[in-house]
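# here's my sequence, what's the structure:
(2 chains)
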Amino acid sequence: MTEDEELRIIRRVTDGEVEAFGELVHHYQDRLLRMIATLLHDDRRLAEDLSQNVFVEAYRRLGSFDPSRSRFSTWLFMIARSRAINALKKKRPTLLAEIPETPYSPPDQSSRDDITLLNRALHQLPDKQKRAFTLVALEDLSYIEAAQIEATTVGTIKSRVSRARDFLKSHLNRA
Amino acid sequence: MPSKSDENFENWIASRKQSDPADLLWEVMNSIEPKADPVPQKPSFLNPPPWLLAVGCFLAGLGKISLVLHLAF
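This is a model prediction of the structure:
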């Protein structure tokens, strides 16, 4: 979906065509859920609830979205970030107990062990590094978009991502 | 040549990018109640504030007056 298509959908919603918002939900739900789940220690059920709330909040605040300041996806992720931070404050952090189910099947036990180590290490990262790493390395956002979402500079995001990578890789080298 | 660790690291990143598809549409659209949730106001880029419109009209008026005076004299 191009930016122009998004703006046309937003215009339709603000003109009263509520159902058009469903097109934005359909387009972004996978990415949003995945990002929020990562920030919430892979608690998928909590992430689904939160993602739903994020979309509803985005709908209610659609009048305040200004495309001259950011893309819709950046704005949506900013709402998600804020909600995830609040949810984490309420949720007692738990270590990941199981490997999240994904279509990827590690070829050997060593690789499976590394997957487990890395998933645990991810959730041990300081929150700011984890968010930066999630946005850039896992969700393929640009440094500029990540900086906007985190309300910081590109240089700071690069530093956080780099330190996160080093921390995660150090867990592999220990094994 | 990438090490086994590097390879596993990249494979781990790739695995985290794959996820079960979300199924939020029905819940989200049912949570939005058109009667309870007023239609969001049109974004500001579609609806300039009244003071901006007034300034624009004033400047346009000045422009027309100056054009008339220029043509007259």
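# tell me the confidence at the residue nearest the centre of chain A?
The centroid of chain A falls nearest to residue A:35 when counting by CA atoms, centre = their mean (2.5 Å). Note for residue A:35: predicted pLDDT of 95.
# please tell me how far it sits from chain B.
Between residue A:35 and chain B the distance is 10 Å, computed by CB to the nearest CB, to the nearest Å. Quick note: C-beta positions are derived from backbone N, CA and C, even for glycine.
# same thing with residue A:136?
11 Å.
# list the contacts of that residue.
Neighbouring residues of residue A:136 by CB atoms under 8 Å, 6 or more residues apart in numbering or on different chains: A:142-143, A:146, A:157, A:161.
# ok, back up a step: now do the contacts for the residue nearest to the centre of chain A.
Counted by CB under 8 Å, 6+ apart, residue A:35 has contacts A:77, A:80, A:134-135, A:138-139.
# now the closest residue to residue A:123 other than its chain neighbours. Its backbone dihedrals?
Nearest residue to residue A:123 in three dimensions, chain neighbours excluded: residue A:41, at 4.9 Å (CB to CB, 6 or more residues apart in numbering or on different chains). Phi and psi for residue A:41, reported as degrees, to the nearest 10, are phi 60, psi 40.
# okay, now residue A:41: neighbour count?
Residues lying near residue A:41 (other CB atoms under 10 Å in any protein chain shown) number 18.
# and it, how far is that from chain B?
Residue A:41 sits 13 Å away from chain B, taking CB to the nearest CB as the criterion.
# now the strands for chain A?
For chain A, no strands are identified by DSSP state E.
# for it, which helix is longest?
Counting residues, the longest helix found in chain A (DSSP state H) is helix A:154-174.
# picking that back up, gap between the residue nearest to the centre of chain A and residue A:139?
Distance, residue A:35 to residue A:139, by CB to CB, to the nearest Å: 5 Å.
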